[in-house]
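S.K.: A predicted structure for the sequence below; I have some questions about it.
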2 protein chains.
Amino acid sequence: MKYTKHVFVCTNDKEAPKKCCGSERGMELVNAFKEGLKAKGLDIEIRAQRAGCLDTCGKGPSVVVYPEGVFYGFVTPEDVNEIIEKHLIGNEPVERLVIA
Amino acid sequence: MKYTKHVFVCTNDKEAPKKCCGSERGMELVNAFKEGLKAKGLDIEIRAQRAGCLDTCGKGPSVVVYPEGVFYGFVTPEDVNEIIEKHLIGNEPVERLVIA
């Protein structure tokens, strides 16, 4: 496997009034993941990046971590370090944010 | 796992002369996957969607299939049905297109 963990963050914009992750809110998360991983020297083996709609629109901003396929919802930039530490490094999902 | 297979297609545009998947070529693939899966009634359990740069730029257009983490390169719309039939349904990667 090219990456030990691969994190996809929805940065899709849908038309109002549909609830959505949105490019602005999503990119904040992408950047927080990228910076957090780089600061720990993990940005080669773990990749975080933007993606289109993950089809979890009502629970956005949403994120999926593979290979486990754990989906997180209502993720804020403040949650990113916990996901990195606990899940991406420690292999234990952050249960309070899991949606699927 | 929300999806039995989750296919991410790079639709990123990088500035020339860097080789890249590109939004136009990538979206052709996304649409081919979506149409192929829908025609087979598989579009609920298997999701194909666009993503940003997968960091396999020299081998684009590129695609990754999770949960296996199989990366495909130089993918054309003509390859999509084979990937659907052999890999997404049959669980056997299309070796001639595998890059990682």
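M.R.: Done, it's in.
S.K.: how many other residues sit next to the nearest residue to A:Glu45 once chain neighbours are set aside?
M.R.: Counting by C-beta to C-beta, 6 or more residues apart in numbering or on different chains, A:Glu45 lies nearest to A:Thr4, which is 4.9 Å off, once chain neighbours are set aside. Heads up, the C-betas are built off the backbone N, CA and C, glycines and all. Neighbours of A:Thr4 under the rule other C-beta atoms under 10 Å in any protein chain shown: 15.
S.K.: A:Thr4 against A:Ile46, yeah?
M.R.: Yes: A:Thr4 lies in contact with A:Ile46 (C-beta atoms under 8 Å); the separation is 6.0 Å.
S.K.: Let me know the pLDDT of A:Lys59.
M.R.: pLDDT for A:Lys59: 92.
S.K.: how close does it get to A:Cys21?
M.R.: Using C-beta to C-beta, to the nearest Å, A:Lys59 is found at 9 Å from A:Cys21.
S.K.: quick one: contacts for the spatially most distant residue from the centre of chain A?
M.R.: No residue in chain A has its C-alpha farther from the mean C-alpha position than A:Pro17, which lies at 23.1 Å (C-alpha atoms, centre = their mean). With C-beta atoms under 8 Å, 6 or more residues apart in numbering or on different chains as the criterion, no residue contacts A:Pro17.
S.K.: State the pLDDT value of A:Lys18.
M.R.: For A:Lys18, the pLDDT comes out at 74.
S.K.: could you say which helix or strand contains it?
M.R.: A:Lys18 is part of no helix or strand when elements are defined by DSSP states H and E.
S.K.: For it, give me the backbone phi and psi.
M.R.: Main-chain dihedrals, A:Lys18, degrees, to the nearest 10: phi -60, psi 130.
S.K.: Would you mind measuring from it to chain B?
M.R.: Distance, A:Lys18 to chain B, using C-beta to the nearest C-beta, to the nearest Å: 17 Å.
S.K.: I'd like the secondary structure assignment at the residue lying closest to A:Cys20 once chain neighbours are set aside, please.
M.R.: Leaving aside its sequence neighbours, A:Cys20 sits nearest to A:Lys14 (C-beta to C-beta, 6+ apart; 4.1 Å). Following DSSP: H, G, I helix; E, B strand; the rest coil, the label given to A:Lys14 is coil.
S.K.: pLDDT at the residue nearest to A:Glu45, what is it?
M.R.: pLDDT recorded at A:Thr4 is 98.
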